[in-house]
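Asks: Need the 3D shape of this:
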Amino acid sequence: MAALLGFLLLLGLCGDTVSEGPRTSADSSVDLKFEIPLVKYETQESYEAGPIDVLFQIVRLFLHLVQPNPLPEDILRKVIQKKFDLSKDYEKIIYYEIGILICAVLGLLFIILMPLVGLIFCSCRCCNKCGGEMHQRQKKNGNVLRKYFAISLLVICLLISIGIIYGFVANQHMRTHIGKTWKLSESNFKDLRTFLNTTPEVNTYGTTVDEKGFFSIGQPSGSLCSEAGCVPTELKALRESLVQANVNLTDTRQSLTHLGHNLSDVRRDLERTLTDPTCRADPAQATCEDIRGSLGLVNVSIDPDQLPSLEEQINNLTAVLRTNLSALAHQHLLFSDVKRALNSIGSSIKTVSKEIPIRDRLSVFTSYLKKAEDHIHHYLHVLEEYDSYRWLGCLVACSLLTLTAIFYSLGLLCGTYGYDRDATPTRRGCVSNTGGVFLMVGVGFSFLFCWLLMTLVVLSFVLGANVEKLVCEPYQSKKLFQVLDTPYLLKEDWKYYLSGMILDNSDIQITFEQVYSDCKENKSIYATLKLEHAYNITDRVNFTEHTGDIRRSFENMNISIKNIIKLDEAGRQNLRAFQSLELGQVDYGAVMAEMTKPPTKVSLLSYANNLEVKASNLTPGNLKNSLRSHAETLRRIHDVQVVLLQRLLSAVYQCMQELQQKTSGLGVRVQNILFFVNDTQNLVTDMITTAVQEERRKYVTMILSYFEQYLRWVKHSVTEQIAACKPVATALDSVINVFLCGYIIDPLNLFWFGIGKSTVFLLPAVIFAVKLAKYYRRMDSEDVYDDGKVDK
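Replies: Next up is the predicted model:
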């Protein structure tokens, strides 16, 4: 480090004395740019239901009319604190739920009265009452009444059909989106793992910038002395990196090949198992075909042959290192004080990133994340199974309503088409009579099933409306967070729960609403969780503390120049040999892209769990036992090989990234040395004393300005960029806003809204259908006047 700084000072002399050629003095303005690597996540930030969202908005408007009361925050707080007493707080519950309770009571009355009315109506008609007598009294306005009844029933049928369509659409929407839950959960867990895994890497990024950017600033294009002095060290470090990368690549290639052979054996064994005679008969046939179709996924995702070998580069670099490149620049500048001071400062900067408690705060969640993933994957299978039953039940309900509406529609169609104004009631045609019969069948279906449909509507209404009003709406308006942020709510000893859990100091105001809002804005964990109370980055990154050491070190600097810099022909040849190395031709980006892929095309644990679930649905026998055995084999392969391979892929990625950084710009630096060697060779000793003093002053000013800029960047990165917690807010949105409210509650509410509307309209449909059937059905008797003419 001391030699490097000494040559930087000499470069000022070179720049001042060289009259021709490019010049960059120590006080040149260079803009240092430090950047945090961007992290990409898979889960979408927002959820859009599509065109069906218009229907969801209609249902929400209806719920707002039924339940306009604000969120009962006091009741929720009592429930959370387990202080809720129904005998004391029932009035508040009734007041809040009054709209829902009224609708539920009306639904219960409908459930009770409709079967009772249907029974009485049936008994009455059997006694030739209530329109049961097959006799029609002629009225002068009979045609007007018939048309009125027909139009009214037609309008009601259209309204019923619209409700049925709502029910079908909502039922299918829920089933389709429940099927997307797997993808939603996988993307969220992957984003959370990426967040937890990349945060420590980003946290140490400042150290990398320190070495490659900060201590190389201010080096002029004529800095051949320092460049030549650094070449041997850099080459040795580069060779060590190449050797390590080649070892990792070889191990990875062998591991991938071994894993590919094992997975090939598993696929072959699975194919042999699927030839079992049990697979030719239902229901095992569909399961076997499903497994057979997915066998292609049981394979490695990285081709081992695509991984390059670095043997040629290592051999070329070894040949160059056999020469004595350190003899290119015979310089002996002694800066012991500066070396000690700058080494101390560099260590302090590196210590800052290690002491920031972000890694410790996040490591707690890693184990919870794994447990949550296993738990959710287990219950997703159960959810999909029960959703099939729900879908079938809702489909039956919609079909019953559809059948009733079809009977009414057929009655209207046949009755209207077959009606003859000249025919007497006892002589009506078959088509007209059939229309009347269809209408009465629709009436019978209405009485038989409307109470069952209304029961389903009431249950889904009470559930869906309460979840919408108590969870979904408060979550979007953040009132739910405000309830949770009530002091001493979740724990009586803690004023603010999050600060007590994270910082062990509940008096610091960290609220759920604030954390959620900050994470939505992609702020860092340090700022969001107010970690300055645990580790104050401002105090640690103290510019004034270090600048005094730098100034004193340069003021007390002792410079002793023992020899003049010289470069012989052998040195020139060695530099040209180094420049001709093809180290930069390795496609580092392609290799690193391969290393970011998962080792296998599908998660072996997920595939094994899926195989286990499918095997559990089969009847006991060889096929079931074999599938379970294959699942265990896949788990062993994952535990023994895949986990190790993941570490190797990460190691290769880091090695290739390091090589890419080390090889960047080496050729240009060597070319600059060769370009300026002749001019600097003769002029370096002129005016050395005066120039060194002047350049020392300029260099101190320059290095302090860059040092201050770097420290500002460190502070800004830690407080604003490192560990941006947007995946946490996205995961919470996915659970509540997307899965619960978007996938389940919205279609559930649309379902009861559509089916409920259709069921309610069955009541007027029954009345108009009974009235209209008299005009379509063939009567047993009719009104006859004395002149023998029938009044039409």
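
Asks: P487 in helix, strand or coil?
Replies: Using DSSP: H, G, I helix; E, B strand; the rest coil, the structure places P487 in coil.

Asks: What sits closest to it if chain neighbours are left out?
Replies: The shortest distance from P487 to any non-neighbouring residue, by Cβ to Cβ, 6 or more residues apart in numbering, is to K495 (4.5 Å). Glycine gets a C-beta too; all of them are placed from N, C-alpha and C.

Asks: What strand or helix carries the one you found?
Replies: For K495, there is no host helix or strand (DSSP states H and E).

Asks: how about it, what does it touch?
Replies: Contacts for K495 (Cβ atoms under 8 Å, 6 or more residues apart in numbering) come out as P487, Y488, S506, D507.

Asks: same check, this time on V515
Replies: V515 touches L498, T528, L529, counting by Cβ under 8 Å, 6+ apart.

Asks: picking up where we left off before, which one (most neighbours) among the contacts of K495?
Replies: Highest neighbour count within the contacts of K495: S506, with 19 neighbours (other Cβ atoms under 10 Å).

Asks: okay, it: pLDDT?
Replies: Listed pLDDT for S506 reads 82.

Asks: The chain should start at 193 in everything you say after this.
Replies: Sure, I'll start numbering at 193, so the last one becomes S698.

Asks: For it, grab phi and psi.
Replies: Here is the backbone geometry of S698 (degrees, to the nearest 10): phi -80, psi -10.

Asks: Repeat that for Y233.
Replies: phi -120, psi 160.

Asks: Quick check: it vs W905, distance?
Replies: 24 Å (Cβ to Cβ, to the nearest Å).

Asks: Just want to know which of the two has more residues nearby.
Replies: Set side by side, Y233 and W905 show more neighbours around W905, with 20 against 16, by other Cβ under 10 Å.

Asks: Quickly find the element holding the more buried one.
Replies: Take DSSP H and E as the rule and W905 turns out to sit in helix 880-908.

Asks: tell me the strands in the stretch 843-984 of the chain, going along the chain?
Replies: Assigned by DSSP state E, counting those that start in this stretch, the strands in the stretch 843-984 of the chain fall at 973-974.

Asks: so where's it uncertain?
Replies: 857-859, 861-885, 971-984 (pLDDT under 70).

Asks: In it, what residue spans correspond to helices?
Replies: 858-875, 880-908, 918-925, 938-952, 954-968 (DSSP state H, counting those that start in this stretch).

Asks: so what does the fourth one touch, helix or strand wise?
Replies: Going back to what we said before, that points to helix 938-952. helix 245-258, helix 290-318, helix 334-371, helix 550-610, helix 622-659 (3 or more Cβ pairs under 8 Å, 6 or more residues apart in numbering; DSSP states H and E).

Asks: Now tabulate the contacts of K687 in a markdown table and tack on distance to S669.
Replies: Shown next, in a markdown table, are the contacts of K687 (distance: Cβ to Cβ, whole Å):
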| residue | distance to S669 |
| --- | --- |
| P679 | 21 |
| Y680 | 23 |
| S698 | 26 |
| D699 | 28 |
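
Asks: Could you work out the most separated pair of the residues you listed?
Replies: Y680 and D699 (11.5 Å; Cβ to Cβ).

Asks: sorry, back to before: neighbour-wise, give me the winner out of the contacts of V707.
Replies: Highest count within the contacts of V707 by other Cβ under 10 Å belongs to L721, 25 neighbours.

Asks: Could you pull up the contacting residues of it?
Replies: Contact analysis of L721 by Cβ under 8 Å, 6+ apart lists R553, L690, I694, L695, I702, V707.

Asks: what's the answer for I947, then?
Replies: Counted by Cβ under 8 Å, 6+ apart, I947 has contacts G355, I356, Y358, G359, A589, C590, L593, L645, L648, V649.
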